[in-house]
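>>> here is the input, now give the coordinates:
(one chain, ligands or ions: 1)
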Amino acid sequence: MGEWWVVGEPGPDHGLARLSAEIATLARELGAAAGRDVVGVVVAAEPSEPAAELARYLPRVLAIGDAAAGDHAWAGVAAAHLAALVEAEPPELVLSGAGPDGRDLAGALSALTGLGVLTNATSLAWGDTGPTVEMSVFGGKLLTTSGFTGGRGIATVRPNVTTAVAAAAAAVMVEARTTIAEALPAVRVVDRVSEAGAAAPIEEAKIIVAGGRGVGGPDGFGLVGQLADVLGGAVGATRAAVDSGWIPYSQQIGQTGKIVKPELYLALGISGAIQHKVGMQTAGTIVAVNRDPDAPIAEFADLLVVGDLFQVGNALLEQLRSRSG
Ligand SMILES: Cc1cc2nc3c(=O)[nH]c(=O)nc-3n(C[C@H](O)[C@H](O)[C@H](O)COP(=O)(O)OP(=O)(O)OC[C@H]3O[C@@H](n4cnc5c(N)ncnc54)[C@H](O)[C@@H]3O)c2cc1C
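Reported below is the predicted structural model:
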């Protein structure tokens, strides 16, 4: 038996990534049922802020300060510290996010420690021989449940599989030090560039208005953007629209894009292919506008408006504007 660790990943403004708070919530609830201690681990140049944030969700958090985490690729530095911790006292489970940083970290940590990795978890459970991980594979067509050989390992968890909820009790924060056995090849960060469209991150949006091939071109996204603006939401897209160059990849939702969980998902001219569905199916309410009543999205939308998206979208925009004005 061992502890479960939740890796606190760096978020915006030197804080904690929202995904880490979600994973901490998931691990805390499952850990309580399985009788396991769940510990947060934060590695950062200035760990106090993200560690304090993670401590809102977990009973104990280790904060490891390393200046290298600020000006080098975070995952490599964090993996080296975590590997030293694993060496000292191997945990049963290490959880990180299934985003770019969390995936890099999981791979590096696996290589350094020999622990296996289960990726892209959509949920965690407690099995007979240890933690089990549910994963969506083949573009969401199949769900698999897997455990670790030897009962120990690393899992990356998808965003938006749960909602972050702070713990009732205050946590203990511990400053930790590790001795890194061997330095990883350090990747120095020479510049940070904000991605176009990142002003409104779609993973965090409560409302998303998304456009597909049906919007017909970049101009069609003008209407999508206006609806998003008036609703105070973000713009999303299908891969068909992204591949056509109508909108940046940063807005793509689905299997090879982002996973979102807004309260409202308004889909304009989107057929609802399985690879898109896996990125947005947990939205609170899905409203689709499609001229084809038999489009696959009809099967999982809460409301399907059958009609031309420009007619319906412009009428909706007019209504919303008259209400807000
Ligand atoms: C390995 C792999 C990974 C993939 N990853 C992703 C992914 O991450 N995200 C993703 O989205 N896709 C992904 N895809 C692609 C996916 O299979 C679909 O091709 C894509 O989602 C279709 O996009 P769409 O709905 O915009 O286009 P279409 O399927 O062409 O649908 C367009 C819809 O618009 C409707 N329409 C057209 N004109 C109008 C109008 N004027 N008014 C109202 N409705 C109208 C049509 O009836 C139709 O239903 C992936 C595919 C593969 C093989």
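>>> list the contacts for the closest residue to Gly214 other than its chain neighbours?
Nearest residue to Gly214 in three dimensions, chain neighbours excluded: Gly269, at 1.8 Å (CB to CB, 6 or more residues apart in numbering). C-betas here are computed from N, CA, C, even on glycine. Counting by CB atoms under 8 Å, 6 or more residues apart in numbering, Gly269 touches 211-216, 220, 289-290, 309.
>>> restrict those residues to contacts with the ligand.
Applying CB under 6 Å from any ligand atom to the contacts of Gly269, one finds that 212-214, 289-290, 309 fall near the ligand.
>>> farthest-separated two in these?
Distance extremes for those: the farthest pair is Arg213 and Val289 at 13.4 Å, using CB to CB.
>>> between the two, which one's more packed in?
Between Arg213 and Val289, counted using other CB atoms under 10 Å, Val289 has the larger neighbour count: 24 against 18.
>>> pull up the pairing partners for the host helix or strand of the more buried one, direction included.
Here Val289 sits within strand 285-290, counting by DSSP states H and E. Using DSSP bridges, strand 285-290 pairs in its sheet with strand 264-268 (parallel), strand 303-306 (parallel).
>>> out of these, which comes closest to the ligand?
Distance to the ligand, taken as CB to the nearest ligand atom, is lowest for strand 264-268 among these, at 6.9 Å.
>>> what's in contact with that closest one?
Against strand 264-268 from outside (CB under 8 Å, 6+ apart): 206-212, 214-215, 223-224, 227, 231, 233, 236, 280, 283-290, 297, 301, 309, 313.
>>> what subset of these is buried?
Among these, those classed as buried by 16 or more other CB atoms under 10 Å are 207-212, 214-215, 223-224, 227, 231, 233, 236, 280, 283, 286-290, 297, 301, 309, 313.
>>> quick one: name the residues of the stretch 101-250 of the chain near the ligand.
Counting by CB under 6 Å from any ligand atom, the stretch 101-250 of the chain sits next to the ligand at 139, 212-214, 238-241.
>>> same thing but at 8 Å, please
For the stretch 101-250 of the chain, the residues in contact with the ligand (CB under 8 Å from any ligand atom) are 139, 211-216, 237-242.
>>> which two in those are spaced the farthest apart?
Largest pairwise distance in those, by CB to CB, is 25.5 Å, between Gly139 and Gly216.
>>> for the longest strand anywhere in the chain, buried residues please.
Criterion DSSP state E: the longest strand present in the chain is strand 116-127. Neighbour-count burial for strand 116-127, with 16+ other CB under 10 Å as criterion, is recorded at 117-124.
>>> that strand packs against which elements?
Judged by 3 or more CB pairs under 8 Å, 6 or more residues apart in numbering; DSSP states H and E, strand 116-127 is in contact with helix 18-34, helix 100-113, strand 130-137, strand 142-147, strand 153-157.
>>> one more time with 10 Å, if that's ok
On a contact count with 3 or more CB pairs under 10 Å, 6 or more residues apart in numbering; DSSP states H and E, strand 116-127 meets helix 18-34, strand 93-97, helix 100-113, strand 130-137, strand 142-147, strand 153-157.
>>> output the below-cut-off pLDDT ranges for the stretch 51-200 of the chain.
139-140, 181-184, 194-200 (pLDDT under 70).
>>> and if we set it to 80?
128-129, 136-142, 170-171, 173, 179-186, 193-200 (pLDDT under 80).
>>> got a markdown table for the strands paired with strand 285-290, with mean pLDDT, distance to the ligand and mean neighbour count too?
As requested, these are exported to a markdown table (pLDDT from 0 to 100; distance: least, CB to the nearest ligand atom, whole Å; neighbours: other CB atoms under 10 Å):
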| stretch | mean pLDDT | distance to the ligand | mean neighbour count |
| --- | --- | --- | --- |
| strand 264-268 | 98 | 7 | 25 |
| strand 303-306 | 98 | 9 | 16 |
